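Peer 1: One predicted model, sequence on top.
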Amino acid sequence: MTRAACERAARLTKPSGTVVSVGGMTTRWTLLLPSRRRRVAAIAAASAALLAVGAPAQAAPPGHAPPRYGAPASWQPCPEGELTQVPEAERRLYSCATVAVPLDHRSPGTGTIDIAMMRRAADGPGRRIGSLFMNPGGPGGSGFAMPVRAAGALSAEVRSRFDLIGFDPRGVARSNAVRCFTTNEEAAAVRDKLSGIGAALPDTVRAHHRYAQACREQAGPLLGHLATESVARDLDLLRRSVGDAKLTYVGFSYGTLLGATYVNLFPKQVRAIVLDGNVDPVLRTRDGLEYLRQRAIGQEAVIDAFLARCTEVRERCAFSEGDPVAKFAAIRDRLHEGPVTVPGFGELTLSMFTAGVGGYLYNATDYSELATLLQSVHDAIQPAAQPRAAAEPAALARFAIAARSGGVHDVRTDLDTPYTEDDSSFGVNCLDEPFPRGDTRFLRAVRTWEQVAPTVGPTHAISQLACGHWPVREPRRYAGPWNTKTPNPVLLFGNHHDPATNYVFNQRMSAALGNSRLVTVAAFGHTILGDSACADDIAARYLTELIAPPAGVVCKPNTEPFS
């Protein structure tokens, strides 16, 4: 959903790697990367998760009072290795802490879990306003190291006025990672098959069944307490633990749902909320399958816009010779018949192609590379044709990561080793979004959504099938109302051509909230902060001075696709 996942290197949201998921798992990895643009987000997400070993929820011993939730955080030096990307002279600004929160906010005495936080102290302590919390999206994105990656998405003025605080939400990485498998071998046998369509569909259905069963058997009690409402209540305790009377927050992609939930649960504790790449909170929490269908339609529209832009710029797009729309359809039709061998890449299936293209759409600066890759695939389906644009080996390697991941989490290839990823993405989606039980409606959607989204419809339709068999049958979720008024407007940013949170979702978020201001950005890609000087300036003034822009502002990105 990244911009997506660990996203940007030095930025906050834009995943740098290009490996983003389709369907319900948007930016899980799109937000975990320290390189400038989404270049191998899957690897980054996996490596970040390897650092975390979550402890089980702890109940208070008999006769002992439960912890005082929201007590001041005890900041300590960060664990060795967490600050390797930070210049040594700046490491003094960083510290880390864990804060105990209830496993179940409705029964706070039944047990606790720990939430891991990282803080980067304000550059100008004499002018410090308070703390700024950040969430990278997902759900399931690790936000712990966001203070390290924030420089490219937040202005110097913001960094000088706020302590930047990142945290792993409950069930993610360092915050009691929820795990449905015990070894990487078990995980790979299931997760590698979660996104197959066409001839692979029967294996995909079985993999989703097995995933839900594995979570039932292995995940433990936290599985029933991963909904966004619980994360928002955790966030309020984190706010209290750093001594802030009110919350200042920046959320990307799924992080916009977290922000909107907080706004409506704790309106009196809101200072300034920035939401970039917005979900439709009403639809997402009322009808998960329809939400996926509209996401698929939105992503298909971005593919169409990408091909139209390729036609416009011609000489700067390697896929422009002939009719890009017809060529793209020819690739898709050929892959429906079976895999194609692409020189330098190997066997490419339809589901791999869909995931790879979807991943590249998250970052507009990767569009030239995507065009070259598409031309290489088109040459492969016409072996008699003279190759027009040979893709670089590095580009093929990146596409391979995106395609072979199928939009699912990457895992280590070592077999029979302890499983160190987490399964929070499904855990949150299956609780937040009402999905039909069983397989019937999902499989019907696989057949019918291709009519409205021929490239990505079937993959989106199958992406959350495990939720139809999820072991938590009656989850506690927040589903509105969304219109509680806050003293200051909530500031929203929405791109015209966002492949994960299409523009109409941003409009719906603005309409749902009781007091908001939407800034439109005429841009491609998922989320915008750090990629538009106009948007960055508006966000900085709002965060520091609480001055919201007038209604109807339209910004442009710093760079255009194929520029």
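Peer 2: Right, received. Where do you want to start? Numbers count the residues shown, from 1 in each chain.
Peer 1: Arg271: what secondary structure?
Peer 2: State at Arg271, reduced to three classes by DSSP: H, G, I helix; E, B strand; the rest coil: strand.
Peer 1: Strands of the chain, residue ranges please.
Peer 2: Using DSSP state E, the strands assigned to the chain run over residues 94-102, 112-120, 130-135, 162-167, 247-252, 270-276, 340-342, 346-348, 490-497, 516-524, 554-555.
Peer 1: Could you export these as JSON lines, including mean neighbour count, mean pLDDT and distance to Ala548?
Peer 2: The way it works is simple: take the backbone N, C-alpha and C, and place the C-beta from them, glycine included. Output for the strands of the chain, formatted as JSON lines (neighbours: other C-beta atoms under 10 Å; pLDDT from 0 to 100; distance: least, C-beta to C-beta, whole Å):
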{"stretch": "strand 94-102", "mean neighbour count": "21", "mean pLDDT": "97", "distance to Ala548": "31"}
{"stretch": "strand 112-120", "mean neighbour count": "24", "mean pLDDT": "97", "distance to Ala548": "26"}
{"stretch": "strand 130-135", "mean neighbour count": "25", "mean pLDDT": "98", "distance to Ala548": "17"}
{"stretch": "strand 162-167", "mean neighbour count": "26", "mean pLDDT": "97", "distance to Ala548": "18"}
{"stretch": "strand 247-252", "mean neighbour count": "29", "mean pLDDT": "98", "distance to Ala548": "14"}
{"stretch": "strand 270-276", "mean neighbour count": "27", "mean pLDDT": "98", "distance to Ala548": "9"}
{"stretch": "strand 340-342", "mean neighbour count": "18", "mean pLDDT": "93", "distance to Ala548": "49"}
{"stretch": "strand 346-348", "mean neighbour count": "16", "mean pLDDT": "91", "distance to Ala548": "47"}
{"stretch": "strand 490-497", "mean neighbour count": "25", "mean pLDDT": "98", "distance to Ala548": "6"}
{"stretch": "strand 516-524", "mean neighbour count": "23", "mean pLDDT": "98", "distance to Ala548": "5"}
{"stretch": "strand 554-555", "mean neighbour count": "15", "mean pLDDT": "98", "distance to Ala548": "14"}
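Peer 1: Same list, these, but as JSON lines with distance to Asn429 please.
Peer 2: What follows is these, written out as JSON lines (distance: least, C-beta to C-beta, whole Å):
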{"stretch": "strand 94-102", "distance to Asn429": "21"}
{"stretch": "strand 112-120", "distance to Asn429": "20"}
{"stretch": "strand 130-135", "distance to Asn429": "15"}
{"stretch": "strand 162-167", "distance to Asn429": "20"}
{"stretch": "strand 247-252", "distance to Asn429": "17"}
{"stretch": "strand 270-276", "distance to Asn429": "19"}
{"stretch": "strand 340-342", "distance to Asn429": "32"}
{"stretch": "strand 346-348", "distance to Asn429": "28"}
{"stretch": "strand 490-497", "distance to Asn429": "21"}
{"stretch": "strand 516-524", "distance to Asn429": "24"}
{"stretch": "strand 554-555", "distance to Asn429": "30"}
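Peer 1: Looking at the ones you listed, which is nearest to Glu290?
Peer 2: strand 490-497 (19.9 Å; C-beta to C-beta).
Peer 1: Report the buried residues of stretch 233-252.
Peer 2: Across stretch 233-252, burial judged by 16 or more other C-beta atoms under 10 Å covers 233-242, 244, 247-252.
Peer 1: what do you get for stretch 550-560?
Peer 2: Cys555, Pro557.
Peer 1: what about it, start to end distance?
Peer 2: Chord length of stretch 550-560, first to last residue, is 25 Å (C-alpha to C-alpha, to the nearest Å).
Peer 1: Touching that stretch from outside, list them.
Peer 2: Stretch 550-560 is contacted from outside by 364-365, 517-525, 528, 531-535, 538, using C-beta atoms under 8 Å, 6 or more residues apart in numbering.
Peer 1: I'd say Ser368 and Tyr360 touch.
Peer 2: No: judged on C-beta atoms under 8 Å, Ser368 makes no contact with Tyr360 at a distance of 10.1 Å.
Peer 1: okay, these two: which has more neighbours?
Peer 2: Neighbour totals were compared for Ser368 and Tyr360, and Tyr360 leads with 28 against 19 (other C-beta atoms under 10 Å).
Peer 1: Not including adjacent chain positions, what is the nearest residue to the more buried one?
Peer 2: Distance criterion C-beta to C-beta, 6 or more residues apart in numbering; nearest residue to Tyr360, sequence neighbours excluded, is Leu370 at 4.1 Å.
Peer 1: same thing with Ser510?
Peer 2: Leu518 is the one closest to Ser510 (C-beta to C-beta, 6+ apart), at 4.1 Å.
Peer 1: isn't the one you found right up against Gln507?
Peer 2: Yes: between Leu518 and Gln507 there is a contact under C-beta under 8 Å: 6.8 Å.
Peer 1: Could you please give me the overlap between the contact lists of the two?
Peer 2: Joint contacts of Leu518 and Gln507 (C-beta under 8 Å, 6+ apart) are Gly494.
Peer 1: Okay, the closest residue to Val270 other than its chain neighbours and Thr527: tell me how far apart.
Peer 2: Residue nearest to Val270 in three dimensions, not counting chain neighbours: Thr486, with 4.6 Å by C-beta to C-beta, 6+ apart. Separation of Thr486 from Thr527 (C-beta to C-beta, to the nearest Å): 22 Å.
Peer 1: Same drill for those two, tell me which one is more crowded.
Peer 2: Thr527 (44 against 21).
Peer 1: Tell me, domain by domain, which residues of this structure belong where.
Peer 2: Per the record, the chain has its domains at 1-311+412-563, 312-405, by automatic domain parsing.
Peer 1: Comparing these, which comes out most buried?
Peer 2: Of all the domains of the chain, domain 1-311+412-563 has the most neighbours on average by mean count of other C-beta atoms under 10 Å, namely a mean of 22.
Peer 1: What's the mean pLDDT across the longest helix seen in the chain?
Peer 2: Longest helix of the chain, by residue count under DSSP state H: helix 288-313. For helix 288-313, the mean per-residue pLDDT is 98.
Peer 1: can you state the direction angle for it and strand 516-524?
Peer 2: 50 degrees (axes from the mean of the first three to the mean of the last three C-alpha atoms, to 10 degrees).
Peer 1: Show me what helix 288-313 packs onto, helices and strands only.
Peer 2: helix 281-286, helix 324-337, helix 367-381, helix 440-448, helix 457-462, strand 490-497, helix 503-512, strand 516-524 (3 or more C-beta pairs under 8 Å, 6 or more residues apart in numbering; DSSP states H and E).
Peer 1: Now do the fifth one, average pLDDT.
Peer 2: Averaged across helix 457-462, the pLDDT comes to 97.
Peer 1: Extract the CA atoms of it and return them as CSV.
Peer 2: The C-alpha trace of helix 457-462 is given here as CSV (Å, rounded to 0.1, in the frame of the first residue of the first chain):
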residue,chain,number,x,y,z
GLY,A,457,-8.9,-8.4,-11.2
PRO,A,458,-8.4,-12.1,-10.7
THR,A,459,-5.4,-11.7,-8.5
HIS,A,460,-7.1,-9.2,-6.3
ALA,A,461,-10.2,-11.4,-6.0
ILE,A,462,-8.2,-14.3,-4.6
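Peer 1: what's it packed up against?
Peer 2: Against helix 457-462 (3+ C-beta pairs under 8 Å, 6+ apart) you get helix 201-218, helix 288-313, helix 350-360, helix 440-448.
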